[in-house]
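Participant: coords please:
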Amino acid sequence: MPGIVSFADFILATRDVKLTTQKEAINEATKHTYFLSNMLKGRDTSDVFRGGTKLVERVMATDNGSFKFYQPGDEFNPTGVDTLKKIEVDWRFAMAHFVFYDEETELNSGDENAYLDLKRTYEQAAMTSNFNGMEDALWTAPNAAGMETGGTGGTAAFSIPTFINENTNTIPNGFSTLMTVDPSVNPWWQNQKSAYTAANIADTTGGATSLLASLADMWLNIKFEKLQSASQWFESDDLKKMFIATNKDGHKQMSMLLQRLNNRLTPNRDDPAYPDPMYNGYPIMYVSDLDTAPVFTGTGVLGASNTNGVANVGYPRFYFANLRYLYACYHSQRYLYPIVKDGGAKAPTAHVMFYNTWYNVVCRSRRRQGIVYPNA
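Facilitator: Numbering: from 1, shown residues only. Take a look at the predicted model:
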């Protein structure tokens, strides 16, 4: 069968000796972690899937300043005040695909002793590529031309470090606006920051520049209580969607710090590990992409803390990401939308299966996001 493309795949998928079922291809192309799953878990369908030409939110940036004390008989001069600010995001378009030939798939499906379902492994590879790509995009370096530019100019979805960063005024390097709003003149559109001194990362005494002090400071910064007697006018946030993300170094540093704080290693004296470190009851999650993501550059970033933007050992960051307000949003008509194309008259038995997705990452409130970072 000289006409079959990827002949080696065909042979591997149809050999006689098999150790698993036809649908059990071991997937070694996956990542250690997928933060994307936390963005989607437990969220209302109306949040995740939307229509329209753009993603638009209107945020009340200020109150109207109308409160005042008065004496009976005083005259009033009511005036209208604009308090809403529009933030908007363009859709980004992504595609994953796989190619198959009738000769491959038909001959493979006709063999009950086939090692694997060949077409399914092709689909598995495409789906893995799709979600690996979306996960990578969550932690890519901010890029104004690719992310902030609207219309046909922009090509990349927003990344989490675009919305949560340590830069001056929390403006990513190269940006002047973020979702069309300038954070330098709109402080409510800045994320929270709390700095620690890297030399004091292991300090367990509560020193003012220690990592523990910065974590405590950040926790107070990202909490916003509502007035219960007027709860219908206030944002209700119970922090159930708060996640703390860090790289492997940050996870290890926190584990060792917790070990030092205890008079024994762990609840199990025979086990030196400190599993699943937490802060204030929230897990500190390891995000594998942060081990290599070159996102720590620009004004306000400590030069010694990174090499070409990748965090150095001893200088971890901790992302306090409130996923109630920061999440991936998909077009209701284009989420893994299947498109099948054949090879035409010149290749009638060839087919391509595309999976088309229109989406972007949106942030409805930056001041509810935060980063603990090294500044010395």
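Participant: Next, the buried residues of the helix or strand that contains Phe98.
Facilitator: Phe98 is part of strand 92-101, with elements assigned from DSSP states H and E. By neighbour count on 16 or more other C-beta atoms under 10 Å, the buried set for strand 92-101 is 92, 94, 96, 98, 100-101. Every C-beta, even on glycine, is put in place using the N, C-alpha and C of the backbone.
Participant: Which pair in those residues has the greatest spatial separation?
Facilitator: Across those, no pair lies farther apart than Arg92 and Tyr101, at 31.4 Å, counting by C-beta to C-beta.
Participant: re earlier: residues making contact with the strand holding Phe98?
Facilitator: 4-5, 118-119, 122-123, 125-127, 129-130, 133-134, 154-157, 349-360 (C-beta atoms under 8 Å, 6 or more residues apart in numbering).
Participant: contacting residues for the closest residue to Tyr315 other than its chain neighbours?
Facilitator: Spatially, and ignoring its direct neighbours in sequence, Tyr315 is nearest to Ser305 (3.8 Å; C-beta to C-beta, 6 or more residues apart in numbering). Counting by C-beta under 8 Å, 6+ apart, Ser305 touches 198, 296, 311-312, 315, 373-374.
Participant: Which one of those residues is nearest to Asn221?
Facilitator: Tyr373 (12.9 Å).
Participant: What's the local residue count around Gly309?
Facilitator: Using other C-beta atoms under 10 Å, Gly309 has 16 other residues around it.
Participant: contacting residues around it?
Facilitator: 141, 293-297.
Participant: Distance of it relative to Phe296?
Facilitator: Gly309 is 5 Å from Phe296, where distance means C-beta to C-beta, to the nearest Å.
Participant: What distance do you get for Glu135 to Asn280?
Facilitator: Counting by C-beta to C-beta - Glu135 and Asn280 are separated by 26 Å.
Participant: Between these two, tell me which one has more neighbours.
Facilitator: Glu135 (19 against 11).
Participant: ok, and the more buried one, which helix or strand is that part of?
Facilitator: Using DSSP H and E, Glu135 falls in helix 118-138.
Participant: same check, this time on Met285
Facilitator: Short version, using DSSP H and E: Met285 is in strand 282-286.
Participant: Then Ala350?
Facilitator: strand 347-363.
Participant: Tell me what the residue nearest to Gln192 when sequence neighbours are not counted is bridged to.
Facilitator: Spatially, and ignoring its direct neighbours in sequence, Gln192 is nearest to Gly370 (3.5 Å; C-beta to C-beta, 6+ apart). Note on Gly370: beta-bridge partners by DSSP bridges are Gln192, Phe320.
Participant: Could you measure from Gly370 over to Asn200?
Facilitator: 19 Å.
Participant: Between these two, which has more neighbouring residues?
Facilitator: Using other C-beta under 10 Å as the criterion, Gly370 and Asn200 rank with Gly370 on top: 25 against 18.
Participant: Isn't that one up against Leu220?
Facilitator: No - using C-beta atoms under 8 Å, Gly370 makes no contact with Leu220, being 10.2 Å away.
Participant: For the residue nearest the centre of the chain, which residues are in contact?
Facilitator: Central residue of the chain (C-alpha atoms, centre = their mean): Leu138, 4.1 Å from the mean position. By C-beta under 8 Å, 6+ apart, the contact list for Leu138 reads 35-36, 159-160, 289, 361.
Participant: And the furthest pair within the residues you listed?
Facilitator: Asp289 and Val361 (13.9 Å).
Participant: Show the residue spans covered by the strands in the stretch 51-200 of the chain.
Facilitator: 54-60, 84-90, 92-101, 192-196 (DSSP state E, counting those that start in this stretch).
Participant: Turn these into JSON lines, columns for mean pLDDT.
Facilitator: Below are those laid out as JSON lines (pLDDT from 0 to 100):
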{"stretch": "strand 54-60", "mean pLDDT": "77"}
{"stretch": "strand 84-90", "mean pLDDT": "80"}
{"stretch": "strand 92-101", "mean pLDDT": "90"}
{"stretch": "strand 192-196", "mean pLDDT": "97"}
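Participant: Figure out which of those strands is closest to Ala213.
Facilitator: Using C-beta to C-beta, the strands of the stretch 51-200 of the chain put strand 192-196 closest to Ala213, at 7.0 Å.
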